[in-house]
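K.L.:
the following comprises the amino acid sequence and a computationally predicted model.
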Amino acid sequence: IEELRASSMQHRRVYVGNLAYEVASQDLADHMGQVGTVLVADVLKLAGGRSKGCGIVEYADPASAERAIHELCNTELFNRQIFVREDREQEAKYGSNRTDARGSSGGSEPSSHQLFVGNLAFSVTWTMLKDWAREANAGEVAHATVRTDDAGHSKGHGILIYNSAEDAARAAEALNGTMLQGRPAEVRIDR
């Protein structure tokens, strides 16, 4: 029964990525509530209380979660385009006391799907980053972004998000130090 309950709960949850750091759990709940009743919305945080830039939303029913994936993916929240996908974690990793205080050995958090890519040439676009990452054949790249300043100029780093932590780890190993637009990229798991 517990396994069935966990399975049905998982189908009601979505993972929301690329959140602006100032987005609070209530902001996330308000935005995601456009497609159904939100039971829990939680922005994941580091031990110091800083946002990880992602969150988990649990809906009252699986249909609302499905609508969120199809209707709210690529919408804007706090002037940032978010992405929404099914939550693939086996257990709930959210809650007000769920910070990353356990350290890096404490299990798989959604952010372990995310890679930081540094030392990018300012000419690199998100499509170039995604295409470069796909060439590693380490797994499907779910999302790629190059961080920009308020004027839209590259900050010289970006984020790659994979569908699984295993793919992200393989990609980090395969891509770190390889050349992109004449520069060796620095690739690591984004914690």
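P.N.:
Cool, the structure landed.
K.L.:
hey, where'd the helices end up in this structure?
P.N.:
Taking DSSP state H as the test, the helices found in the chain are 2-10, 25-32, 62-71, 126-134, 165-175.
K.L.:
got the contact list for the nearest residue to Tyr162 once chain neighbours are set aside?
P.N.:
Excluding the flanking residues, the one nearest Tyr162 by CB to CB, 6 or more residues apart in numbering is Ala168, at 4.1 Å. Heads up, the C-betas are built off the backbone N, CA and C, glycines and all. When contacts are counted by CB atoms under 8 Å, 6 or more residues apart in numbering, Ala168 touches 112-115, 139, 160-162, 189.
K.L.:
domain ranges for this structure?
P.N.:
2-86, 110-189 (automatic domain parsing).
K.L.:
starting at the chain centroid, how far to the first one?
P.N.:
Distance of domain 2-86 from its chain centroid, counting by CA atoms, centre = their mean, to the nearest Å, is 11 Å.
K.L.:
now swap in the shortest one and tell me
P.N.:
Distance of domain 110-189 from the chain centroid (CA atoms, centre = their mean) equals 13 Å.
K.L.:
start at 644, not 1
P.N.:
With 644 as the first residue, the last one maps to domain 753-832.
K.L.:
low-confidence ranges, the chain, go.
P.N.:
644-653, 732-754, 834 (pLDDT under 70).
K.L.:
show me where it has its strands.
P.N.:
Counting by DSSP state E, the chain has strands at residues 656-660, 681-688, 694-702, 719-720, 723-724, 726-729, 757-761, 784-791, 797-805, 822-823, 826-827, 829-832.
K.L.:
could these go into JSON lines alongside mean neighbour count and distance to Met675?
P.N.:
As requested, the strands of the chain are exported to JSON lines (neighbours: other CB atoms under 10 Å; distance: least, CB to CB, whole Å):
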{"stretch": "strand 656-660", "mean neighbour count": "24", "distance to Met675": "7"}
{"stretch": "strand 681-688", "mean neighbour count": "19", "distance to Met675": "6"}
{"stretch": "strand 694-702", "mean neighbour count": "23", "distance to Met675": "5"}
{"stretch": "strand 719-720", "mean neighbour count": "14", "distance to Met675": "9"}
{"stretch": "strand 723-724", "mean neighbour count": "14", "distance to Met675": "14"}
{"stretch": "strand 726-729", "mean neighbour count": "19", "distance to Met675": "8"}
{"stretch": "strand 757-761", "mean neighbour count": "21", "distance to Met675": "20"}
{"stretch": "strand 784-791", "mean neighbour count": "19", "distance to Met675": "17"}
{"stretch": "strand 797-805", "mean neighbour count": "20", "distance to Met675": "18"}
{"stretch": "strand 822-823", "mean neighbour count": "15", "distance to Met675": "34"}
{"stretch": "strand 826-827", "mean neighbour count": "14", "distance to Met675": "38"}
{"stretch": "strand 829-832", "mean neighbour count": "16", "distance to Met675": "26"}
